[in-house]
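>>> here you go, sequence then predicted model.
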2 protein chains.
Amino acid sequence: MEINLFEKQVYTNRREVLKQRFGNDGILLFMGNEESSMNYKDNTFPFRQDSSFLYYFGLDVPALVATIDTETGEEVIYGNELTIDDIVWTGTLPTVSEMAGMVGISHTKPYNAVADYIQHAISKGLKVHILPPYRPENVIKLASWFGKNTAKVKSLVSEKLIRTVVGQRVIKSPLEVAELEKAVNISIDMELAVIKNAKPGVKCYELVSHAHQVAIANNARLGYPAIITTQGQTLHTHYYGHELKDGDMVLSDIGAENAMHYGGDLTRTFPAGKKFTAKQAELYNTVLNSMDHAISMLKPGVRYRDIHFAACEKLAEGLVSVGIMKGDPAEALAAGAHTMFFQCGLGHMLGMDTHDMEDLGEQFVGYTDELKKETSIFGLKSLRLGRELQAGFVLTVEPGIYIIPELIDRWQAENKYAGFIDYNVLNTYRDFGGIRIEDNFLITETGNQLLGKYLPKTLHEIEGLK
Amino acid sequence: MEINLFEKQVYTNRREVLKQRFGNDGILLFMGNEESSMNYKDNTFPFRQDSSFLYYFGLDVPALVATIDTETGEEVIYGNELTIDDIVWTGTLPTVSEMAGMVGISHTKPYNAVADYIQHAISKGLKVHILPPYRPENVIKLASWFGKNTAKVKSLVSEKLIRTVVGQRVIKSPLEVAELEKAVNISIDMELAVIKNAKPGVKCYELVSHAHQVAIANNARLGYPAIITTQGQTLHTHYYGHELKDGDMVLSDIGAENAMHYGGDLTRTFPAGKKFTAKQAELYNTVLNSMDHAISMLKPGVRYRDIHFAACEKLAEGLVSVGIMKGDPAEALAAGAHTMFFQCGLGHMLGMDTHDMEDLGEQFVGYTDELKKETSIFGLKSLRLGRELQAGFVLTVEPGIYIIPELIDRWQAENKYAGFIDYNVLNTYRDFGGIRIEDNFLITETGNQLLGKYLPKTLHEIEGLK
C-alpha cells in the first residue's frame, strides 16, 4: 500500500511557518481521524483524514496524533504498529517511524503515550492548543486525555491556533492550486457524464452512478454528497428517487476529491430533455448574468460580501424584468426581498474541504474581526465568505434562483416584501424548481483565474451537450 | 422525499414478538443513528441507519430514538420537527408523528425528552435495556442520559435485550429473503461488470468504479468497502492502486446494499487476462471443490463449525496434491496447519448487515452457550459462525487460499507445522496472491437454497466471461 504525499520539505516548511507565526506558547495537538463505523464497528465508511492533519503531517492513515512543542520545536507522531493479525487482514504498511520520516519527523511514540504527554505538559503549566473536534470519537479521547467531561471539550479549543492555521491554509500554494485544478478537471468530466446521460425516463440515482463512476475511475471520490435532482430548489437534497420528465430541469452539484484530497465544487443546471423551456431560459440567463457580473468583480481588495450583494442585485433585476419581482432592484436588495429566491450565499472558500476549513469556524475563515459574520439575518447567515479577497484564495461563485413553495406560502401569509414580490406571478412559478451555476476560481494578483478547463455554461452551450 | 418502508403491520408484528419474548421487564431503548461527519460537521457520509432500529421501527431518517415500555406496552419515537431553515436546505419530510404513524406508533416526543424519560424510569427502579452502541456520538448521548462517564456506557448494555433481538433477527422472513435476493442480484451484476472490465493495463480503482456505478444505478450502494485487488491474499485490503498485468488474478469481494438495506456479499477470483495459469487453475479448483463440499453440507441441524472444518480439510487435500502441504490432511487439519493458507472463517450470517448483527456480538449471533466462540486460536477466532444451522438462517460460504509472505517468513523461522507444510514448495508460491469464491445461501427446512441468480464460478465459466 502506498501513501500519497507531497515532498517531505513541503510539510516541514508548513510546520516551520506555523511555529514561527505561533511563537513560543506551549504545545500544539493535532488529532488525526479514525475510521468511522457504518452499522458495526469494523464496517467503515471510506477513511477521511482530517484536513489540517493532512496539511501539516500529510499522513493519510487512521489513528495518528501529532504534537508540536513550540518551545523546543520537538514534533512527535503518535501511533501503533501493525500486528501480524493486522497484516493478514490489511497488508503491510510502513512503520509509524518510517511514515513519520516521510514527512520529516524523527520522533514517534505509541498512541496511548499522548495522554501522559498532555497531562505532563499541563502539570508544567504549559497550554495545550487544540482545534475544534468535529468527530465524536475525538471528543471522547480529548475529554479523557484532558480529564474533562465531553461537554467541556469545546472550552479547550484554542482560538489562537485556529487563527494561525486558517491564516496559513487560506492562501493556496502553487502546489495546492495544481491539485485543485486536477480535482476540478475530474469534476468537469463528472458533470459531462451526468449531463450526457440525462434524459426523460432516467432516475436521478442513475445520474449519480455516472458521477461516482467517473470520480472513482480517476482515483478520486466525491468530496461531498452529490446533489443531482429535478427539485433544484432544495438546496442540499440527497434524495435521488425522482424520474426525469421532459420539461424538467436537472440541477447537478458535484465535486471530485482527488487522491491528495483537494476538491472541486461545480454546479450545472440543464434540461432533462433537449431544450430549456422559454420560462426556464429566462431565469437561467438571469442567473448566468449574475454569475458573470460576480466573476468580473473577483480580485484582491474587494469584499466578497459586496460581490454577493452585486450578484443579488443582478438576480433582482432579472426577476423584475420577468415580473416576479417589482419595484427598484437596489431597494429590493436593501430590504432583503431577493432572499425569497436566493436564500444562501454566493460562494465559499474551497480547498481540501469543500467548505474549506468549515470545521475551524466560518467567522475565522470567511470573515475578519472588522467584518463579522451575520448569524441571524436570513440570506446572510448562510454567506460563508464575506471578507476582502486576497491573492491565493480559492473560492466558488454560485448564484442561483430557488422557488421554494413552503417559503412562498409562509411569506405570502405574512404579506412579507409585498412591495417587491408579485405573489400572483410568483405563484405561477411554484413548481419551477431551482437553478444554480457554479465554477471555481483562484484569486490572482491582478484578478482571478477559472480553475480547470472550461465547462459549458451558456444556455446554447448546455443545449449543445444534449 | 420518500421513506422506504415495509407495510406498517410488519413493524408492529416484530415489536409484538419482541415484547412477548422479552416479558415485562422495564424499558427498551433503541438508538437510531445520526449523520456521520467526514471532514467537518455538515459534510457527511451517506446516512446509514442502525439495523436493529430499521428492523423494529423502519424509519430511515437520522436523529431518532425509540422506547418501548415492556410493562405498559407504550412505544414512543423521539425526534425533532424540521424548521423552515431545514426545509430550505433539505426539503420537506413527514412530521415525526406522521413518520411514527407509518410504522404503527402513535406517541412521539421531542428528541431531548428521552433524557428525562430515562431518568424518570431509573428513579422508579425500572431497568432501561440498551444494545451495544458502536457510534461514538451515541456513546456520548447515552453517557449523558444515564449520568455516566463514557467509559462506563459499556456496562449499561443488556445481554437479555441482545439475546432477544438476535433470536428474532437471525431467522429471516420471506419478506427479508426477497430483499436479500434483490441485493444479491444487484451484487451479481456488479461482479459481472467488474469481471468484464478487467484486463491488463486497467487499475483496480477503475474496476471499483464499475461496481459503484452498477450499485447506484440500481438505487443501491456498496454494503461494505469493495475489495478489488490483485493482492487477494490481503483479506480486507482497500487499496486500489495496483495495475492489472497479464498473469495476475483479481479478487473481487463486493456486495450491494439495496434500498431496504439488505445486502449481498459475493466474491469471485478471475484472471486479469483471458486465462488462469496452470498453477492458478490448480488452486482455484481446490477452493471450488472445498466450496461445493461445504454447500452440500448446508442444512438444519449441522454445526457450521463442522462445515468449516470439512471445507478446510478439502483445502488441505488439494494443497497436499499440489505438494505445498504434505502428510495426512485430517491430521494437518487437527494440528491447524491449514491456517497458513486459510486464516479466516468459512462464512458468516448475512442480513441487513454484511456480518449480520456483528454490533450485537459474534458470540450471540454465531455461537451458543454450549458452543462458545474461540477468541484466541488463530484460524478459529475469525470464524464468525459456528452454531447449528436453522431454517431461515442466511449466510455466506467463502473458502479461500491466501499465500501471505509475512506469515510464511514468520512460521518458517519458527519451523511451525514443518511436518505438514513443504516450505520449499510453498516459497515458489510466495507471489501467488489469493483466491476466494463466495456465494450466499438460505437454509431451508430440507437443505439450502442459493440466493439470487447463478453467477459463473467454475474455471471455464469464469474464463468464458473474459
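Structure's in. What do you need?

>>> out of the helices and strands in chain A, which is least certain?
The weakest-scoring helix or strand in chain A, judged by mean pLDDT, DSSP states H and E, is helix A:84-90 (a mean of 82).

>>> quick check: residues of the stretch 1-150 of chain A near chain B?
A:1-2, A:36-48, A:50-51, A:84, A:87-92, A:134-137, A:139-140, A:143-144, A:150 (C-beta under 8 Å from any C-beta of the partner chain). All C-beta spots, glycine's among them, are computed from the backbone N, C-alpha and C.

>>> and the strands in the stretch 301-450 of chain A?
Counting by DSSP state E, counting those that start in this stretch, one finds strands in the stretch 301-450 of chain A at the ranges A:394-397, A:400-402, A:434-436, A:439-443, A:448-450.

>>> and those: which comes nearest chain B?
For the strands of the stretch 301-450 of chain A, the distance to chain B is smallest for strand A:400-402, at 7.9 Å, taking C-beta to the nearest C-beta.

>>> show me the contact partners of that closest one.
For strand A:400-402, contacts defined as C-beta atoms under 8 Å, 6 or more residues apart in numbering or on different chains pick out A:232-233, A:235, A:267, A:283, A:286-287, A:315, A:319, A:341-344, A:434-437, B:88.

>>> quick one on the thing from earlier: now tabulate the strands of the stretch 301-450 of chain A in TSV and tack on distance to residue A:222, mean pLDDT and mean neighbour count.
Compiled in TSV, the strands of the stretch 301-450 of chain A are given as follows (distance: least, C-beta to C-beta, whole Å; pLDDT from 0 to 100; neighbours: other C-beta atoms under 10 Å in any protein chain shown):
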stretch	distance to residue A:222	mean pLDDT	mean neighbour count
strand A:394-397	16	98	26
strand A:400-402	20	98	25
strand A:434-436	17	98	25
strand A:439-443	15	98	23
strand A:448-450	22	98	17
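
>>> before we move on, back to that, so which of the residues of the stretch 1-150 of chain A next to chain B belong to strands?
Of the positions in the residues of the stretch 1-150 of chain A next to chain B, A:37, A:38, A:39, A:40, A:43, A:44 sit in strands, assigned by DSSP state E.

>>> quick check: closest non-adjacent residue to residue A:320.
residue A:329 (5.7 Å; C-beta to C-beta, 6 or more residues apart in numbering or on different chains).

>>> low-confidence ranges, the stretch 251-400 of chain A, go.
For the stretch 251-400 of chain A, no stretch has pLDDT under 70.

>>> quick check: residues of it near chain B?
Applying C-beta under 8 Å from any C-beta, one finds that the stretch 251-400 of chain A approaches chain B through A:343, A:344, A:352, A:353, A:354, A:355, A:357, A:358, A:359.

>>> show the contacting residues for the nearest residue in space to the first one that is not next to it in sequence.
Nearest residue to residue A:343 in three dimensions, chain neighbours excluded: residue B:88, at 5.1 Å (C-beta to C-beta, 6+ apart). Taking C-beta under 8 Å, 6+ apart as the criterion, residue B:88 is in contact with A:234, A:235, A:343, A:344, A:402, A:404, A:407.

>>> now, which of these lie within helices?
Counting by DSSP state H, the part of these found in helices is residue A:407.

>>> residue A:460 - that's part of a helix, no?
Yes: under DSSP: H, G, I helix; E, B strand; the rest coil, residue A:460 falls within a helix.

>>> okay, it: pLDDT?
Model confidence at residue A:460, given as pLDDT, is 97.

>>> would you check how far apart it and residue A:248 are?
19 Å (C-beta to C-beta, to the nearest Å).

>>> between those two, who's got more neighbours?
The neighbour count for residue A:460 versus residue A:248, taken as other C-beta atoms under 10 Å in any protein chain shown, is higher for residue A:248 (21 against 9).

>>> list the contacts of that one.
Here residue A:248 is in contact with A:200, A:230, A:271, A:272, A:273, A:433 (C-beta under 8 Å, 6+ apart).

>>> one more: residue A:105?
A:57, A:66, A:75, A:76, A:77.

>>> what's the answer for residue A:332, then?
Contacts of residue A:332 by C-beta under 8 Å, 6+ apart are A:316, A:320, A:325, A:338, A:417, A:420.

>>> name whatever forms a beta bridge with the nearest residue to residue A:74 once chain neighbours are set aside.
In this structure, residue A:74 finds its nearest non-sequential neighbour in residue A:107, 6.4 Å apart by C-beta to C-beta, 6+ apart. Beta-bridge partners recorded for residue A:107 (DSSP bridges): residue A:76.

>>> of the contacts of residue B:88, closest to chain B?
residue A:234 (3.8 Å).

>>> let me see the contact set for the closest residue to that closest one other than its chain neighbours.
Spatial nearest neighbour of residue A:234, chain neighbours left out: residue B:91 (3.8 Å); criterion: C-beta to C-beta, 6+ apart. Contacts for residue B:91 (C-beta under 8 Å, 6+ apart) come out as A:231, A:234, A:237, A:239, B:1.

>>> how is chain A divided into domains?
For chain A, automatic domain parsing gives the domain ranges A:8-169, A:174-464.

>>> look up which residues are beta-bridged to the residue nearest to residue A:462 when sequence neighbours are not counted.
In this structure, residue A:462 finds its nearest non-sequential neighbour in residue A:270, 5.0 Å apart by C-beta to C-beta, 6+ apart. Beta-bridge partners recorded for residue A:270 (DSSP bridges): residue A:250.
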